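Engineer: Test case, fold it:
(one chain, ligands or ions: 1)
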Amino acid sequence: MTAGALDTDFTRHFRTVMGNFCSGITVISAMEDGAPVGFTCQSFFSVSLDPPLVAFSAAKTSTTFPRIRASATCCVNVLSAEQEPVSRSFARSGGDKWAGIAWHPSAHNRDPIVDGALAWVECSIRAEFDAGDHVIVLCDVLDVGCEARETGPLLYFRGRYGVLAESRPAESGRPVRSRRRPHGGELPRTP
Ligand SMILES: Cc1cc2nc3c(=O)[nH]c(=O)nc-3n(C[C@H](O)[C@H](O)[C@H](O)COP(=O)(O)O)c2cc1C
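Structural biologist: Sure thing, here's the model as predicted:
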């Protein structure tokens, strides 16, 4: 089947085939007028080490992304194996997505870090690129951190959530709370 004529059969087939690419799940969060906003996002990826850049794609239909864009900064929360309910909550449009979700402000931007997230990336939005029914959002990384708990990532594969059979602690079991990027410098390395 080809994309020659865009029809619902092709669209369905395209989604099914792309669903074979297993990924983690993130919640992209920001603050708007003192209140947290966020949405579930699978399309997050690391782009560059020098300078540190990450990216994700946001649907043009998203009602939350324009609010994140307006704040100019965001936090990428990498969800852990036990956070499927968090992913489901942030994939809904409308309603109070943050009801029952514990969070704390990030050190740099004061954007929301969802408690229990495996890792977080504090970002400043650098550029946006038009991409069909989505925009690709390129971000400068300002600060990163991860947990060393005995848990794995939340996964998404063929339209279903999953977890690894085994999980291992981050960075040989040593806790890594936060690695702030010095101005104009490199991220410190673990000795
Ligand atoms: C597993 C999963 C992955 C998703 N990944 C993305 C994504 O990469 N980009 C995106 O814009 N929406 C993604 N969504 C959909 C958004 O979470 C959802 O459309 C959005 O949160 C709707 O709420 P909003 O109107 O508040 O933006 C995903 C949803 C799920 C369940």
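
Engineer: Could you use CA atoms for every contact and neighbour count after this?
Structural biologist: Will do.

Engineer: Would you check how far apart the residue nearest to the spatial centre of the chain and residue 10 are?
Structural biologist: In the chain, the residue lying closest to the centroid (CA atoms, centre = their mean) is residue 26, at 3.2 Å. Distance, residue 26 to residue 10, by CA to CA, to the nearest Å: 27 Å.

Engineer: Distance check, residue 56 against residue 14.
Structural biologist: As judged by CA to CA, residue 56 and residue 14 stand 19 Å apart.

Engineer: between these two, who's got more neighbours?
Structural biologist: residue 56 (21 against 14; other CA atoms under 10 Å).

Engineer: Spit out the contact partners of the more buried one.
Structural biologist: Remark: with contacts taken as CA atoms under 8 Å, 6 or more residues apart in numbering, residue 56 is in contact with 41, 43, 44, 45, 136, 137, 138.

Engineer: In the chain, where is pLDDT below threshold?
Structural biologist: For the chain, applying pLDDT under 70 flags the ranges 1-6, 167-191.

Engineer: Strands of this protein, start to end?
Structural biologist: With strands called from DSSP state E, the chain shows them at 23-24, 26-32, 35-41, 45-48, 53-59, 73-78, 103-105, 112-114, 119-131, 134-146, 154-157, 160-163, 176-180.

Engineer: Turn those strands into JSON lines, columns for distance to residue 96.
Structural biologist: Shown next, in JSON lines, are the strands of the chain (distance: least, CA to CA, whole Å):
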{"stretch": "strand 23-24", "distance to residue 96": "24"}
{"stretch": "strand 26-32", "distance to residue 96": "14"}
{"stretch": "strand 35-41", "distance to residue 96": "9"}
{"stretch": "strand 45-48", "distance to residue 96": "27"}
{"stretch": "strand 53-59", "distance to residue 96": "20"}
{"stretch": "strand 73-78", "distance to residue 96": "18"}
{"stretch": "strand 103-105", "distance to residue 96": "14"}
{"stretch": "strand 112-114", "distance to residue 96": "15"}
{"stretch": "strand 119-131", "distance to residue 96": "22"}
{"stretch": "strand 134-146", "distance to residue 96": "24"}
{"stretch": "strand 154-157", "distance to residue 96": "22"}
{"stretch": "strand 160-163", "distance to residue 96": "22"}
{"stretch": "strand 176-180", "distance to residue 96": "28"}
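
Engineer: Can you say which of these is nearest to residue 87?
Structural biologist: strand 35-41 (5.7 Å; CA to CA).
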